[in-house]
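Visitor: any chance you could fold what I've pasted below:
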Amino acid sequence: MATTDDVKKLAALARITVPEEKLAKFAEEFEAILGYVSKLDELVVPQATPLLPYTNVFRADENPHEIGKYTEKLTEQFPAREGDLLSVKQILIHD
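Guide: Next comes the predicted model:
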């Protein structure tokens, strides 16, 4: 059974705000959605074409450039630096 805490965690991941008074309603709806999606486990779809054997799609490096050749050009264009490190905006939050 989905709880209000599950809804809060899902809302945090989706970066949306859910009012406290709607948490219980969303928990019920969440449970109904999961029940509906679980019906997909019962679905059996016949395979239209046989699986082909896997092949390597990578090409061989024929004329690789020396290590670090473009590093300085790339780092000069970066908007923020902290010493030798490139600084980026934080996008993940850990609880």
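
Visitor: show the pLDDT at the residue sitting furthest away from the middle of the chain.
Guide: Farthest-out residue of the chain from its mean C-alpha position, per C-alpha atoms, centre = their mean: residue 63, at 34.1 Å. Confidence at residue 63, expressed as pLDDT, is 81.

Visitor: please save the CA atoms from the helix ranked longest in the chain in CSV.
Guide: Across the chain, the longest stretch assigned as helix under DSSP state H is helix 23-38. What follows is helix 23-38, C-alpha atoms only, in CSV (Å, rounded to 0.1, in the frame of the first residue of the first chain):
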residue,chain,number,x,y,z
LEU,A,23,-1.3,13.5,0.2
ALA,A,24,-3.8,10.8,1.3
LYS,A,25,-5.8,11.2,-1.9
PHE,A,26,-2.6,10.9,-4.1
ALA,A,27,-1.5,7.9,-2.1
GLU,A,28,-4.8,6.1,-3.0
GLU,A,29,-4.5,7.2,-6.7
PHE,A,30,-0.8,6.1,-6.7
GLU,A,31,-1.8,2.7,-5.5
ALA,A,32,-4.5,2.4,-8.2
ILE,A,33,-2.1,3.4,-10.9
LEU,A,34,0.4,0.8,-9.7
GLY,A,35,-2.3,-1.8,-9.8
TYR,A,36,-3.2,-0.9,-13.3
VAL,A,37,0.4,-0.9,-14.5
SER,A,38,1.0,-4.3,-12.9
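
Visitor: just checking, what packs against it?
Guide: Helices and strands touching helix 23-38, by 3 or more C-beta pairs under 8 Å, 6 or more residues apart in numbering; DSSP states H and E, are helix 4-14. The C-beta positions use only the backbone N, C-alpha and C, and glycine is treated the same way.

Visitor: buried set for the helix it packs on?
Guide: Within helix 4-14, the residues that count as buried by 16 or more other C-beta atoms under 10 Å are 4, 6, 7.

Visitor: turn these into TSV, including pLDDT and distance to residue 83.
Guide: Formatted as TSV, the buried residues of helix 4-14 follow (pLDDT from 0 to 100; distance: C-beta to C-beta, whole Å):
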residue	pLDDT	distance to residue 83
4	90	45
6	89	42
7	90	42
